[in-house]
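**Q** below is the sequence, then the predicted model.
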Amino acid sequence: MTTTDIPRPVDAGSGRTVSKKPPRRGGRGGLRQAVSATTLLWILACLYGLPVLWFVLSSLKPAGDLFSVPLTLIPQNPTLSGFRAAWDSANFSQYFINTTIVCVITTILTVGVSCCTGYALAKYDNRWLKAFFLCILATTMLPGEVMLAPSFLVVRDLGLYNSFAGIILPAVLTATGCFMFRQFFLTVPDELVEAARIDGARELSIFLRIMVPISRPIMLTLAILSFQWRWNDYIWPLLMLNDPNKFTVQIGIQSIVGAQNINWSVLLGASVISMIPLIAVFLVFQRYVMNADINAGLKD
Amino acid sequence: MTKRASAVSASPPRRRSKYTLAPLVLIAANVVLFSLFFVWPAVIGLVYSFTNYTGVGAFQFIGLDNYDNLLGDSTFYDALTRTLLYTVLFVPLNFVVSLLAANLVVSKHAKGGSVARVLFFIPWLLSPIVVGVLWRWMFGENFGLVNYVIEKFGGDAVPWQSNADLSLLVVVMASAWAWTGFTMLLFIAAIKNVPVSYYEAASLDGAGPWRQFFSITLPSIAPTSFIVILLNTINAMKEYPVFVALNNGGPGTSNNLLVQYIYETGFKRGQIGYASAASFVLMLILMAVAIIQLIVNRRVENR
């Protein structure tokens, strides 16, 4: 009771959760608080989890059972036919491959370019660098949706219309990515750079051989974020692509929704398939996402 | 090259500013991308907004006609009011729910916080299109789970899709649901940075959980709250995919929002000039929001 009363420094990793503060009004009050907090938490969590569960379970129902009343949570005759129909119909497998290509290339470029820029902004002290930092800040004020028409014309005039490059290149510059790397490199002591310089290392090799390797956690975090943004992009690929063979998954799903009569079996299958890569990436790299310092976090 | 670099370093006498070439190489790619895909579109967008450009062929400068026409365009006004209404509903809802979720997840009283955190976060992974499809599936008028449950409990089926206001409400709930995970992470980071000793001192003084929340947590996380409100406002103003997948801006055209309006005029009707003008109105609103937020933020922090 008494030993734990000493205020302890905040631990960034675990924080308040580990602080074993004694219950204030004795055991009963603490218990009541625990019960009400836990109940509230789980009611809320169910509100978030249940729609996804219902959606995924529905996608396992055969097309004929989808609307059969009474509705059942657990599919009576689970089947993968919805997925198979979605995968075969309307080039969905092609869309899936297209999206993967676009996402992977964009992510690699985004991480590379953001790492370079973030390092320059953090470790060099030139006036024009500060000006460029303000320019990057400005991009967060003007989201791409505001400049749909002119951006379209620019990409068209560059000859990138209806090509993957037209989707990839405009997406590479992200303020969030530059901020994340800048914040990270600010925490790297300048002495490390100075020491390498005294040893005669060239500027770019300091960057490539010392700084790039130690920024691996940030790279991974930005890679996950970037992959998620690009996988989920809709409006820009929609504008950019004309050839159905180049469509991305999101356009494919929207075209099923836009049909006269929605084929729910195919739509559910396609939607659930499109969720799989992100959920997989998330489950593997969960701790990087959950601990990501996205406070600079202007979502792109 | 060296001459210029030393001139720059003259004002702040710091050794590292003698490097010019390396930082220039490092930012080169981003400078090119910034000029091509930000400066260029911004400039020609502004220019086109004063023309009758259709995307192809010649065009004429028509002065402020586009802006003048926008003022008299009731479709534009409807899109603008619906967007503002959506924003006004979405931002507070997402704020409150995310803050509640963050507090419960870090609370030492609540069990299972780490599992719940994943449940809150998963909707954020889903694409806005899938979020729209999912909520359309839940809120179908004849087949949806929600109406089924309502009828099971003896209520009447609710016209979620055919009533314009209810339809907007469903999108508000869907986007708040989708955004909670991200906003919650911002709040969790902020709440964890509040020194534990504050709470311990407060509880020794007999402050209950509500009092502690309003007197310690809320003021301490004020900077994060401002970021959250700013980000959410900007994101809400430019929302489009959730609408298009959930009800396609329907019923009819009653929930066509600004981005959809810009998309339809610019790309379906080929009025690039007119759409550019509408874009700049949206941009001015976003900038006004950002500037107001910055001013308020500064005032609060200086207090």
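**A** Ah, there it is. Numbers count the residues shown, from 1 in each chain, chains lettered A, B, ... in the order given.
**Q** so for stretch A:115-123, what's the average pLDDT?
**A** Across stretch A:115-123, the average pLDDT comes to 95.
**Q** that stretch close to chain B?
**A** Yes. Stretch A:115-123 reaches chain B (Cβ under 8 Å from any Cβ of the partner chain) through A:116-117, A:119-121, A:123. C-beta here means a position set from N, CA and C on the backbone, and glycine is covered the same way.
**Q** can you pick the most crowded of those residues?
**A** Within those, most neighbours by other Cβ atoms under 10 Å in any protein chain shown means A:Thr117, with 31 neighbours.
**Q** now it: how far from A:Leu47?
**A** Per Cβ to Cβ, to the nearest Å, A:Thr117 is found 40 Å from A:Leu47.
**Q** picking that back up, and of the residues of stretch A:115-123 next to chain B, the nearest to B:Tyr48?
**A** A:Thr117 (29.6 Å; Cβ to Cβ).
**Q** tell me which element the closest one is part of?
**A** Assigned by DSSP states H and E, A:Thr117 belongs to helix A:92-123.
**Q** same check on B:Gly252?
**A** Using DSSP H and E, B:Gly252 maps to neither a helix nor a strand.
**Q** could you check the pLDDT of residue 295?
**A** Assuming you mean chain A. For A:Asn295, the model assigns a pLDDT of 49.
**Q** wait, chain B
**A** So, for B:Ile295, pLDDT stands at 85.
**Q** burial of it, as a residue count?
**A** 10.
**Q** which secondary structure state does it sit in?
**A** helix (DSSP: H, G, I helix; E, B strand; the rest coil).
**Q** picking up where we left off before, make JSON lines out of the residues of stretch A:115-123 next to chain B and add distance to B:Leu84.
**A** Listed next are the residues of stretch A:115-123 next to chain B as JSON lines, based on distance: Cβ to Cβ, whole Å:
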{"residue": "A:Cys116", "distance to B:Leu84": "40"}
{"residue": "A:Thr117", "distance to B:Leu84": "35"}
{"residue": "A:Tyr119", "distance to B:Leu84": "41"}
{"residue": "A:Ala120", "distance to B:Leu84": "40"}
{"residue": "A:Leu121", "distance to B:Leu84": "36"}
{"residue": "A:Lys123", "distance to B:Leu84": "43"}
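**Q** if we can go back for a sec, can you give me the buried ones in the helix holding A:Thr117?
**A** Buried residues in helix A:92-123, counted by 16 or more other Cβ atoms under 10 Å in any protein chain shown: A:92, A:95-96, A:98-99, A:102-103, A:105-107, A:109-111, A:113-123.
**Q** quick check: which ranges of the chain have low pLDDT?
**A** Assuming you mean chain A. Scanning chain A for pLDDT under 70 picks out A:1-29, A:291-300.
**Q** oops, wrong one, chain B.
**A** Residues of chain B that meet the criterion pLDDT under 70 lie in B:1-17, B:301, B:303.
**Q** report the central residue of it.
**A** Central residue of chain B (Cα atoms, centre = their mean): B:Asn235, 1.5 Å from the mean position.
**Q** and that residue, which of the three is it?
**A** Under the three-state scheme (three-state DSSP), B:Asn235 adopts helix.
**Q** gap between it and A:Val155?
**A** For B:Asn235, the distance to A:Val155 - Cβ to Cβ - is 23 Å.
**Q** do the same with A:Arg197
**A** Look at A:Arg197 and A:Val155: by Cβ to Cβ, they are 41 Å apart.
**Q** who has more neighbours, those two?
**A** Counting neighbours by other Cβ under 10 Å for A:Arg197 and for A:Val155 shows that A:Val155 has the greater number, 25 against 15.
**Q** give me the element that one is part of.
**A** Per DSSP H and E, A:Val155 falls inside helix A:148-157.
**Q** that helix packs against which elements?
**A** Judged by 3 or more Cβ pairs under 8 Å, 6 or more residues apart in numbering or on different chains; DSSP states H and E, helix A:148-157 is in contact with helix A:164-172, helix A:235-240, helix B:40-48, helix B:258-263, helix B:272-302.
**Q** looking at these, which is buried most?
**A** Among the helices and strands packed on helix A:148-157, helix B:258-263 has the highest mean neighbour count (mean count of other Cβ atoms under 10 Å in any protein chain shown), at a mean of 24.
**Q** residues touching residue 254, list them.
**A** Looking at chain A here, since you left the chain open. A:Gln254 is in contact with A:234, A:238, B:129, B:241, B:244-245, counting by Cβ atoms under 8 Å, 6 or more residues apart in numbering or on different chains.
**Q** nope, chain B
**A** Each residue near B:Ser254 by Cβ under 8 Å, 6+ apart is listed here: B:78, B:82, B:164, B:167.
**Q** inside helices: which ones of those residues?
**A** B:78, B:82, B:164, B:167 (DSSP state H).
**Q** of all these, which comes closest to chain A?
**A** Nearest to chain A among the ones in helices among the contacts of B:Ser254: B:Ser167, at 14.9 Å, using Cβ to the nearest Cβ.
**Q** give the other helices and strands that the helix ranked longest in chain A contacts.
**A** As assigned by DSSP H, the longest helix anywhere in chain A is helix A:26-59. Judged by 3+ Cβ pairs under 8 Å, 6+ apart, helix A:26-59 is in contact with helix A:264-284, helix B:74-106, helix B:113-125, helix B:128-138, helix B:164-192.
**Q** buried ones in the next helix-or-strand element following the helix holding A:Thr117, by neighbour count?
**A** Heading C-terminal from helix A:92-123, the first helix or strand you meet, by DSSP H and E, is helix A:127-141. Neighbour-count burial for helix A:127-141, with 16+ other Cβ under 10 Å as criterion, is recorded at A:129, A:132-133, A:135-136, A:139-141.
**Q** and which of these is nearest to A:Gly252?
**A** Nearest to A:Gly252 among the buried residues of helix A:127-141 is A:Thr139, at 29.2 Å by Cβ to Cβ.
**Q** for chain B, what's its nearest residue on the stretch 51-200 of chain A.
**A** Closest approach between the stretch 51-200 of chain A and chain B, counting by Cβ to the nearest Cβ: A:Pro150, at 3.4 Å.
**Q** so who does that residue touch?
**A** A:Pro150 sits next to B:40-42, B:44-45, B:48, B:276, B:279 when contact means Cβ under 8 Å, 6+ apart.
**Q** cutoff 7 Å now
**A** A:Pro150 is in contact with B:41, B:44-45, B:48, B:276, counting by Cβ atoms under 7 Å, 6 or more residues apart in numbering or on different chains.
**Q** chain A next: which of those are close?
**A** Near chain A, judged by Cβ under 7 Å from any Cβ of the partner chain, the entries from those are B:41, B:44-45, B:48, B:276.
**Q** a markdown table for those residues, including distance to B:Gly72?
**A** Below are the ones next to chain A among the contacts of A:Pro150 laid out as a markdown table (distance: Cβ to Cβ, whole Å):
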| residue | distance to B:Gly72 |
| --- | --- |
| B:Pro41 | 27 |
| B:Ile44 | 25 |
| B:Gly45 | 22 |
| B:Tyr48 | 20 |
| B:Ser276 | 18 |
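**Q** pick the one among those residues closest to B:Phe182.
**A** Here the nearest of the ones next to chain A among the contacts of A:Pro150 to B:Phe182, counting by Cβ to Cβ, is B:Pro41; it sits at 26.9 Å.
**Q** how about the closest one: what's its closest non-neighbour residue?
**A** A:Pro150 (3.9 Å; Cβ to Cβ, 6 or more residues apart in numbering or on different chains).
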